[in-house]
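In: Below is the structure, and that's it, no one-letter string:
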C-alpha cells in the first residue's frame, strides 16, 4: 500500500486487505476446531455427506447412503475372488448382510457390455490358486433409479516394449490442446501433431471422453514406434490454493486445466 502510485490503487489494496483479514479469521477458526477434534480423538465423519442433512432432508440423505454398495475382493475367496459376490457369467449371487437375513440372493442375466470376455478369462484363471486374483464389486443407483454393477480385477503387468532410448513421444500440455512432438533416438524432431484437450466449461463426461481418446492415441503412437512418452509434470496445488487472487475467468480456466 505504501508503494501504491495512486489513491485509487491504495484504496483497492486496503479493501483487499480487509477481506484477507476476515478470511484469515475464518481459517483460524476452522483450524482451531480441527485441532480440538484431533486432540479429543473424535473427528466428525458423516457418510453420505452433510449437505442434505444441513438442509434437513434426512430422507434424501438416507437414500444417498443406501445408493452404493462396495464389496472388497480377496484372493483367498475361491474362484470368484469375493466372499459376498459370486458371478459365473450370467448369474450373480450376492450374500445379504445379517441384518437382512444373511441369505444369498441370485440375479439372473447379469452380463457386462464391456469386459465380459476378460472377466470370464479371469474366472478361468482363478481355478488355479497360483494365479488367483480378487474381484471387487461396486453397485450403485443412478439418477434414473437404475442399479449398475462395476467389477475391478487385478491384471498381470504387461510386458514393457517401449524405451526412451528408441525415441520419445514428447507431450506439452496446453489449455485447449496437447502439442505432441516425435523425437528420434538422436534427439531430432521427426514429426508433430496436435491432440484434443477439453477447455474450461466442458461437461465432465465429455471431458473424460476427450482425454481418454487422446491418451489412447498417444499410447498407440508410442507402441507403434516403441518410443517412450515424456509429459511435463505440472504442479498446480499452490496456484489452486490461491485462486482467490485471480479474476473469475482466469480462476475457472486454471482450475479446469
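Out: Great, that's in hand. Remember, it's a predicted structure, so these values are computed and weren't measured experimentally.
In: Would you mind measuring from residue 186 to residue 161?
Out: 21 Å (CB to CB, to the nearest Å). For glycine as for every other residue, the C-beta is placed from the backbone atoms N, C-alpha and C.
In: thought residue 221 was touching residue 168?
Out: No: Residue 221 is beyond contact range of residue 168, at 11.2 Å (criterion: CB atoms under 8 Å).
In: shared neighbours of the two, anything?
Out: Applying CB atoms under 8 Å, 6 or more residues apart in numbering, one finds that residue 221 and residue 168 are jointly contacted by 182, 227.
In: These two - which one has more neighbours?
Out: residue 168 (21 against 17; other CB atoms under 10 Å).
In: what about residue 122, how many neighbours?
Out: Neighbour count for residue 122, taken as other CB under 10 Å: 22.
In: Doesn't it lie inside a strand?
Out: No: for residue 122, which was evaluated using DSSP: H, G, I helix; E, B strand; the rest coil, the result is helix, with no strand membership.
In: residues touching the nearest residue to it once chain neighbours are set aside, list them.
Out: In this structure, residue 122 finds its nearest non-sequential neighbour in residue 153, 5.1 Å apart by CB to CB, 6 or more residues apart in numbering. Taking CB under 8 Å, 6+ apart as the contact definition, residue 153 lies against 73, 81, 118-119, 122, 133-136.
In: Mind putting those residues into a markdown table with pLDDT and secondary structure?
Out: Converted to a markdown table, these look like this (pLDDT from 0 to 100; DSSP: H, G, I helix; E, B strand; the rest coil):
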| residue | pLDDT | secondary structure |
| --- | --- | --- |
| 73 | 91 | coil |
| 81 | 89 | coil |
| 118 | 88 | helix |
| 119 | 90 | helix |
| 122 | 90 | helix |
| 133 | 88 | coil |
| 134 | 90 | coil |
| 135 | 92 | strand |
| 136 | 93 | strand |
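In: Can you lay out the residues you listed as CSV showing distance to residue 206?
Out: Putting the contacts of residue 153 into CSV (distance: CB to CB, whole Å) gives the following:
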residue, distance to residue 206
73, 32
81, 34
118, 26
119, 28
122, 31
133, 33
134, 33
135, 30
136, 28
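In: between those, which is nearest residue 210?
Out: Residue 210 has its nearest neighbour among those in residue 118, at 24.9 Å by CB to CB.
In: Neighbours of the closest one, how many?
Out: 11.
In: quick one: it and residue 218, what's the gap?
Out: 23 Å.
In: Return, as residue ranges, the portions of the protein with sub-threshold pLDDT.
Out: The chain contains residues with pLDDT under 70 at 243, 246, 253, 255-257.
In: mind listing the helices for it?
Out: 7-40, 51-54, 58-65, 116-125, 204-225, 237-241, 248-256 (DSSP state H).
In: Tell me which of those helices lies nearest to residue 87.
Out: Nearest of these (CB to CB): helix 116-125, 7.4 Å.
In: I'd like to know which of the contacts of residue 153 are buried.
Out: 73, 81, 119, 122, 134-136 (16 or more other CB atoms under 10 Å).
In: So which bits of stretch 54-66 are buried?
Out: Buried, per 16+ other CB under 10 Å, within stretch 54-66: 61, 64.
In: ugh, wrong one, stretch 218-234
Out: Going by 16+ other CB under 10 Å, stretch 218-234 has these buried residues: 218, 221-222, 225, 227-229.
In: Report the central residue of this structure.
Out: Here the mean C-alpha position of the chain is nearest to the C-alpha of residue 208 (CA atoms, centre = their mean), at a distance of 10.3 Å.
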